[in-house]
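>>> Pasted the sequence and its predicted model underneath.
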Amino acid sequence: MSNVEADPVATRPATEAMAPPPDGPRVEVLPPRDVPLGGPRAMTVRRTLPQRSRTLIGAWCFADHYGPDDVADTGGMVVAPHPHTGLQTVSWLFSGEIEHRDSLGSHAYVRPGELNLMTGGHGIAHSEVSTPDSTVLHGVQLWVALPEAHRATHRDFRHYAPEPVHADGAEIRVFLGSLAGSTSPVPTFTPLLGAEIVLAPHATLALAVNPDFEHGVLVDRGEVRVAGTLLAPADLGYLHPGPDTLTLHNTSDTPARTVLLGGTPFEEEIVMWWNFIGRSHDDIARARADWESASDRFGAVDGYPGDRLPAPALPHATLTPRRNPPRA
């Protein structure tokens, strides 16, 4: 998915848990903001990363949550070929279907419960279009920042359909990393966790987690208590490293769905603008110039019936690194 937001910085601050357990983990609540993707019938997404107060959770640097979106009303998702550098895109759907094409030559479909992971590295281009069979589009689009040692890695594309794991009234699909005895075979460049968790009504799930990881819990539907803090739909709850158990409780009379993200703290500063991640203003300016000049760096996307997206103009200021707040 292309980032078309004119002002990529959150306008609402995160909030802290009102009364965290005295000996338990503190949960920082990151509220979403609405971002229209553009066009006369713009599909709107709810963005929870990045924010002013938090840029990354592990190497996860971007989280868009969208739907349920009636394709008949909005026209669905139509994102023309656009570039990426220095990151991986992670596509995960709850309903609908999206056709993916990229300059590696991949032609694949994003379907519910199936991971599509694309590595941009030095440069890749891709398009995303919801299929005619999609009536309701609903899912998340996530980005992962690549560490400096692998920032210029080669293009890649992976597909994986995890088998569900059942435990204590929950159904868990682990698409990256390891959780609840399930491990994804998809390799990552930093330690990561990504999983969909569906909780039965009023179910409580205690998960053994890596204490070296920071975690984020994105609520799709229902109201869920995370370590005692209530999260509403579309909220993202952030937890610092330290705890080895994460407890989720569905307070709703209907099933609740969450996406759990995690990873070791990403210690490198990143410069993130449009669809590029670098380490300096010059990195971004060079990537933009290469895209606008149709450089071989990004290749070509075959099969898309239209023009590619032009890059927006750079701001009249030097782009500076995004920083997480210092650790307590």
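All right, it came through fine.
>>> For Tyr109, give the beta-bridge partners.
Beta-bridge pairing of Tyr109 under DSSP bridges involves Glu99.
>>> Confirm Asp283 sits in a helix?
Yes. Asp283 forms part of a helix when assessed by DSSP: H, G, I helix; E, B strand; the rest coil.
>>> Now do the helices in this structure.
For the chain, helices defined by DSSP state H occupy the ranges 71-74, 281-292.
>>> Turn those helices into JSON lines, columns for distance to Ala256 and mean pLDDT.
C-beta coordinates here come from the backbone N, C-alpha and C atoms, glycine included. Putting these into JSON lines (distance: least, CB to CB, whole Å; pLDDT from 0 to 100) gives the following:
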{"stretch": "helix 71-74", "distance to Ala256": "25", "mean pLDDT": "83"}
{"stretch": "helix 281-292", "distance to Ala256": "39", "mean pLDDT": "98"}
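>>> Return the most buried member of those helices.
helix 281-292 (a mean of 18; mean count of other CB atoms under 10 Å).
>>> and that helix, what other elements does it pack with?
Counting contacts by 3 or more CB pairs under 8 Å, 6 or more residues apart in numbering; DSSP states H and E, helix 281-292 packs against strand 271-273, strand 276-278.
>>> CSV please, covering those strands and showing distance to Arg33.
Below are the helices and strands packed on helix 281-292 laid out as CSV (distance: least, CB to CB, whole Å):
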stretch, distance to Arg33
strand 271-273, 16
strand 276-278, 20
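>>> Need the winner for burial among these.
Compared across these, strand 276-278 shows the largest average neighbour count, a mean of 24 (mean count of other CB under 10 Å).
>>> Return the distance of that one from the chain's centre.
With CA atoms, centre = their mean, to the nearest Å as the basis, the distance from the averaged C-alpha position of strand 276-278 to the chain average is 15 Å.
>>> Make a markdown table out of the helices of the chain and add distance to His166.
Formatted as a markdown table, the helices of the chain follow (distance: least, CB to CB, whole Å):
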| stretch | distance to His166 |
| --- | --- |
| helix 71-74 | 31 |
| helix 281-292 | 44 |
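>>> Relative to Glu163, which of those helices is closest?
In terms of CB to CB, the element of the helices of the chain nearest to Glu163 is helix 71-74, at 28.8 Å.
>>> Pairing partners for the residue most central in space within the chain in the sheet, please.
Geometric centre of the chain, nearest residue: Leu142, 1.7 Å, by CA atoms, centre = their mean. Listed by DSSP bridges, the beta-bridge partners for Leu142 are Ala63, Val90.
>>> Read off the pLDDT value for it.
At Leu142, the model reports a pLDDT of 98.
>>> so where's this structure shaky on pLDDT?
Along the chain, segments meeting pLDDT under 70 span 1-24, 38-42, 327-328.
>>> any idea how it splits into domains?
Per the record, the chain has its domains at 32-161+274-305, 163-268, by automatic domain parsing.
>>> so which of the helices of the chain gets nearest Ser182?
Judged by CB to CB, the one of the helices of the chain that comes nearest to Ser182 is helix 71-74, at 31.8 Å.
>>> Can I get that closest one in PDB, CA atoms only?
What follows is helix 71-74, C-alpha atoms only, in PDB (Å, rounded to 0.1, in the frame of the first residue of the first chain):
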ATOM      1  CA  VAL A  71     -16.500  -2.100  -2.300                       C
ATOM      2  CA  ALA A  72     -19.700  -1.100  -4.100                       C
ATOM      3  CA  ASP A  73     -19.600   2.200  -2.200                       C
ATOM      4  CA  THR A  74     -15.900   3.000  -2.300                       C
END
